[in-house]
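S.K.: Any chance you can model this:
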Amino acid sequence: MAGPGGTFPSESERVLVFTDLVDSTSLAEQLGDARASVLWVEHDRRARELMARHGGREIDRTDGFFVLFDRAVAAAAFAFDYHTAVGELALSARVAIHAGPLILRENAPEDVARGAKPLEVEGLAKAVAARVMSLALGGQTLVSTKVRDALADSLAEASELRSHGHYRLKGIDQPLELFEVGVRGTSAFQPPGDAEKAYRVVRTGESWLPLRHVRHNLPAERDAFVGRTAELRDLAARVDGGARLVTVLGPGGMGKTRLVRRYAWTWLGDWPGGVYFCDLSEARSEDGIHFAVAAALEVPPGTDEPAAQLGSAIAGRGRCLVILDNFEQVAAHAAATLGRWLDRAPETTFLVTTRERLHIAGEAVFPVEPLPIERDGVELFTRRARAQRPDFAVDAGNRAAVAEVVRLLDGLPLAIELAAARVRLLSPAQLVERMRDRFALLAAARGQAARQATLRAAIDWSWELLTAWEQDALAQCSVFDGGFTLEAAEAVCGLEALDGIAALADHSLLTRADGRFGMLETVREYALEQLEHAGAVRDRHRLQEALAHALLADAVDSPARYSLDQSPRGGG
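M.R.: Presented below is the predicted three-dimensional model:
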């Protein structure tokens, strides 16, 4: 029954049919408005007669129809008859049939009186059906796997179903296998070509890659990618929504590079102009940025105005993706390089991984959070542990210890991987016991990149990027166990606490939730070490000053005991 205002949401599985007349605009231009109108009226009349015959409900009309059916067989019968009807009018149409859950919402009578449709249809299935229809060729009916399964035992003997392979549809997580339903011996059964919002893919290992060649220099993934399903979906949505500069932000070891690489592999076919991965870990200047980007694009570095030259080279690739990895140490040069390229290459999207915000116009910040402990964190530990010990398994006896390891490591992917490498020698319970000295425990095997070789090295890099006063602020904030308020920080750090906290947040070293600030326990432990070290240095400095004053006073009283360099003689 309808609810208040004549509306009611109800979700149920429905069969969706989208039709579209091919080249209807150019045909209308050839015929003129009057003759075209007569043709469209006849087309609509025949289509609606077929809907009534096969039990379809019209939802919307543009250059074709959006129709709902209760059964896939009825939808397919409508499609066959519809193609015949439009052919008799010397027209051609494409049709898509898909099945999925929908939410149906009735508009209020007063809104319908103002021109609203009687029924609104919402749900992902609607977007999928529209994407499939955009791929179909004239005279072709494409169906999804669910529809194929429903039709398999119900088609007439003269009909045939053939697979055209898998297609990635824009905005949809997983590729969809598409089938054509047609008349045996008469249908061409030609695979649809790629469209703007859909393209054909093939399975390669764990990835679906576009069938057409797309230029790229992405490093191969050496091990399985774990988790981050929601982040990948949200990152794709951010890019699809029009963001041209997305700053993937997070502390060291959070997995930012793996995330953007996986995004690029997953959506490689979205970038006909190519995908270019630029490793900036060795860059320290504008020239360093130019060199890394020129190498990725395979263009010779220019001598005059390299930023402008690279901007033109990027623009020449058309719709492409440029990944700038490890940008934090050259963030001061973002406006002079990346800012100029954004202006010169309007079709290009830039993904930047960094521990520090860029603060340039157009920046969309995408924070990367720790892995959820019970799901992705434990799974990552298990996968990496099996690489060391193939017989390793998480069971009732060690699950709690594995989860505790992940928790103690803040869900930090790098730390989890380094801990998992220790299962060759230590059980999960032993890892928990030794976590008091996590920086000594978590070192990688030889050959790994220096900044990823140990947990300490990953945080050393962030520490070294801070100014002296930022280092002091982080060290002082480390005394708070369990988070702190701004007022507490001001009491400990002084009146400059607000600027210090803002700077540390920009460096991804502080988090904020429910009005309180905090830091990963791993970062806090590191910063606490720095505070204790600084305190020891200050104590030694004060001791040296006191000793110097005492020696000077003693020298005045007994000058014969001292040489000209004021050093005490003997063992005094």
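
S.K.: use CA for all of it now, contacts and neighbours both
M.R.: Fine.

S.K.: Please identify which helix or strand holds Cys100.
M.R.: Slight slip there: residue 100 is Gly, not Cys. Assigned by DSSP states H and E, Gly100 falls within strand 93-106.

S.K.: Send me the helix or strand that that strand is followed by as CSV with only the CA atoms.
M.R.: Next helix or strand after strand 93-106 toward the C-terminus (DSSP H and E): helix 109-113. Coordinates of each C-alpha in helix 109-113 appear next as CSV, following Å, rounded to 0.1, in the frame of the first residue of the first chain:
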residue,chain,number,x,y,z
PRO,A,109,-0.8,12.7,-7.6
GLU,A,110,-0.2,16.4,-7.4
ASP,A,111,3.3,15.9,-8.7
VAL,A,112,2.0,13.6,-11.5
ALA,A,113,-0.4,16.4,-12.4
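
S.K.: Beyond helix 109-113, next helix or strand please.
M.R.: Once helix 109-113 ends, the next helix or strand along the chain (criterion: DSSP H and E) is strand 119-122.

S.K.: can you list contacts of that following strand?
M.R.: Strand 119-122 has contacts (Cα atoms under 8 Å, 6 or more residues apart in numbering) with Ile59, Leu102, Ile103, Leu104, Arg105, Glu106, Asn107.

S.K.: Repeat that for stretch 223-230.
M.R.: With contact meaning Cα under 8 Å, 6+ apart, stretch 223-230 is reached by Glu206, Arg258, Leu259, Arg262, Leu371, Asp376, Glu379, Leu380, Arg383.

S.K.: Name the helix or strand for the fourth one, please.
M.R.: This points to Arg262. Following DSSP H and E, one finds Arg262 within helix 256-266.

S.K.: which is the next helix or strand following that helix?
M.R.: Counting by DSSP H and E, the next helix or strand C-terminal to helix 256-266 is strand 275-279.

S.K.: roughly how far is that following strand from the heart of the chain?
M.R.: Distance, stretch centre to chain centre, for strand 275-279: 16 Å (Cα atoms, centre = their mean, to the nearest Å).

S.K.: could you check the angle helix 256-266 makes with that strand?
M.R.: 160 degrees (axes from the mean of the first three to the mean of the last three Cα atoms, to 10 degrees).

S.K.: name the helices or strands packed onto the next helix or strand along the chain from strand 275-279?
M.R.: Using DSSP H and E, the helix or strand that follows strand 275-279 in sequence is helix 286-297. Judged by 3 or more Cα pairs under 8 Å, 6 or more residues apart in numbering; DSSP states H and E, helix 286-297 is in contact with strand 275-279, helix 306-315.

S.K.: what does the first one contact?
M.R.: So that's strand 275-279. Outside strand 275-279, the residues touching it (Cα under 8 Å, 6+ apart) are 214-218, 264, 268, 292-293, 295-297, 320-326.

S.K.: Extract the CA atoms of it and return them as PDB.
M.R.: Provided in PDB are the C-alpha atoms of strand 275-279 (Å, rounded to 0.1, in the frame of the first residue of the first chain):
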ATOM      1  CA  VAL A 275      48.500   5.500 -17.400                       C
ATOM      2  CA  TYR A 276      51.900   6.900 -16.300                       C
ATOM      3  CA  PHE A 277      53.400   6.000 -12.900                       C
ATOM      4  CA  CYS A 278      56.100   8.400 -11.800                       C
ATOM      5  CA  ASP A 279      58.200   7.400  -8.800                       C
END
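
S.K.: Next, the buried residues of the helix or strand harbouring Thr19.
M.R.: Assigned by DSSP H and E, Thr19 belongs to strand 10-21. If you call a residue buried by 16 or more other Cα atoms under 10 Å, then strand 10-21 has these buried ones: Arg14, Val15, Leu16, Val17, Phe18, Thr19, Asp20, Leu21.

S.K.: As TSV, the residues you listed with distance to Thr454 and pLDDT would be great.
M.R.: Conversion of the buried residues of strand 10-21 to TSV gives the following (distance: Cα to Cα, whole Å; pLDDT from 0 to 100):
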residue	distance to Thr454	pLDDT
Arg14	54	91
Val15	54	95
Leu16	54	96
Val17	56	97
Phe18	55	97
Thr19	58	96
Asp20	58	95
Leu21	61	94
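
S.K.: for the residues you listed, which one is nearest Gly311?
M.R.: Asp20 (40.3 Å; Cα to Cα).

S.K.: which residues sit in contact with that closest one?
M.R.: Asp63, Gly64, Phe65, Ala93, Arg94, Val95, Met133.

S.K.: Skip the chain neighbours and tell me the closest residue to it.
M.R.: Of all residues not flanking Asp20 in the chain, Gly64 sits nearest, at 4.2 Å (Cα to Cα, 6 or more residues apart in numbering).

S.K.: again, but for Leu442
M.R.: Leaving aside its chain neighbours, Leu442 sits nearest to Leu418 (5.3 Å; criterion: Cα to Cα, 6+ apart).

S.K.: Assign that neighbour to helix, strand or coil.
M.R.: The three-state label given to Leu418 by DSSP: H, G, I helix; E, B strand; the rest coil is helix.

S.K.: Could you tell me the model confidence score at it?
M.R.: We have a pLDDT of 89 for Leu418.

S.K.: how's the protein carved up into domains?
M.R.: As given by automatic domain parsing, the domain ranges for the chain are 4-210, 229-367, 373-456, 466-572.

S.K.: and the last one, average pLDDT?
M.R.: When you say that, I think you mean domain 466-572. What domain 466-572 shows for mean pLDDT is 68.

S.K.: Please give the number of neighbouring residues around His213.
M.R.: By the criterion of other Cα atoms under 10 Å, His213 has 11 neighbours.

S.K.: oh, and call the first residue 532 from now on, that's how I've got it
M.R.: Done: numbering now begins at 532, and the last item shifts to His744.

S.K.: tell me the pLDDT at it?
M.R.: At His744, the predicted lDDT confidence score is 89.

S.K.: got the phi/psi numbers for it?
M.R.: phi -70, psi 130 (degrees, to the nearest 10).

S.K.: Need the CA coordinates for stretch 1040-1049. CSV is fine.
M.R.: C-alpha atoms of stretch 1040-1049 as CSV (Å, rounded to 0.1, in the frame of the first residue of the first chain):
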residue,chain,number,x,y,z
LEU,A,1040,50.8,12.3,11.8
LEU,A,1041,47.7,13.4,13.8
THR,A,1042,44.1,12.2,13.5
ARG,A,1043,41.0,13.9,14.8
ALA,A,1044,37.7,12.3,15.9
ASP,A,1045,35.0,13.5,18.3
GLY,A,1046,36.8,16.7,19.1
ARG,A,1047,40.0,14.9,20.2
PHE,A,1048,43.4,14.5,18.5
GLY,A,1049,45.4,11.4,18.5
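
S.K.: quick one on the thing from earlier: can I get the helices and strands packed on helix 817-828 in a markdown table including mean neighbour count and distance to Phe720?
M.R.: Shown next, in a markdown table, are the helices and strands packed on helix 817-828 (neighbours: other Cα atoms under 10 Å; distance: least, Cα to Cα, whole Å):
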| stretch | mean neighbour count | distance to Phe720 |
| --- | --- | --- |
| strand 806-810 | 23 | 32 |
| helix 837-846 | 20 | 38 |
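
S.K.: mean pLDDT for the ones you listed: which is lowest?
M.R.: Confidence, taken as mean pLDDT, is least for helix 837-846 of these (a mean of 92).

S.K.: How about residues contacting the helix or strand following that one?
M.R.: Using DSSP H and E, the next helix or strand after helix 837-846 towards the C-terminus is strand 852-856. Outside strand 852-856, the residues within contact range by Cα under 8 Å, 6+ apart are 788, 791, 802, 804-812, 879-885.

S.K.: same check, this time on stretch 587-603
M.R.: 545-552, 555, 579, 582, 586, 605-606, 630, 648, 650-652, 678, 681-682.

S.K.: And stretch 612-622, by the same measure?
M.R.: Leu552, Val553, Leu570, His574, Arg577, Ala578, Leu581, Ser623, Ala624, Gly670.
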